[in-house]
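Participant: My questions are about this predicted structure, shown below with the sequence.
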Amino acid sequence: MPAKNFLLPEKVRKSLNKLPPSVQNRLPMIFVEIKQNPIMGVKLLGRLTGYYKVRIGDYRIVYVFDMKKSTVSIVKIEHRQGVYR
């Protein structure tokens, strides 16, 4: 079930420029895939229960999918070492 809305907060947009070009180039395609199939990511556990992650090399996209509103909201995109803190 594709999501109707896709939210990319301003805070996340500003952090995109800090990512390596190889990751930046792949993001639009990954965003389309997430919007088409929001539950494609791996469910996170612990204090991040309810969130999903998608891998892009050493980087992770963490997002939440609200089924009632059919909305995907990107929470953060960071290197794997610091994304879960």
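Facilitator: Okay, I see it.

Participant: going forward, measure contacts between C-alpha atoms and count neighbours the same way
Facilitator: Fine.

Participant: Tell me which stretches of this structure form strands.
Facilitator: Counting by DSSP state E, one finds strands in the chain at the ranges 5-7, 42-43, 51-56, 59-66, 71-79.

Participant: what does the longest one rub up against?
Facilitator: In this case it means strand 71-79. By C-alpha atoms under 8 Å, 6 or more residues apart in numbering, the residues outside strand 71-79 that reach it are 3-9, 12, 15-16, 19, 34-35, 38, 58-66, 83.

Participant: if we go to 7 Å?
Facilitator: With contacts defined as C-alpha atoms under 7 Å, 6 or more residues apart in numbering, strand 71-79 is touched by 3-8, 12, 35, 38, 58-66.

Participant: which among those residues end up buried?
Facilitator: Ala3, Phe6, Lys35, Pro38, Tyr59, Arg60, Ile61, Val62, Tyr63, Val64, Phe65 (16 or more other C-alpha atoms under 10 Å).

Participant: Can you name the two of the residues you listed that sit furthest apart?
Facilitator: Based on C-alpha to C-alpha, the longest span within these runs between Ala3 and Tyr59 and measures 23.0 Å.

Participant: Now the most centrally placed residue in the chain: closest residue in space that isn't a chain neighbour?
Facilitator: Geometric centre of the chain, nearest residue: Ile61, 3.5 Å, by C-alpha atoms, centre = their mean. Closest residue to Ile61 apart from its sequence neighbours, by C-alpha to C-alpha, 6 or more residues apart in numbering: Ile77 at 4.5 Å.

Participant: measure that neighbour to Ile30 for me?
Facilitator: Noted for Ile77: a distance of 12 Å to Ile30, by C-alpha to C-alpha, to the nearest Å.
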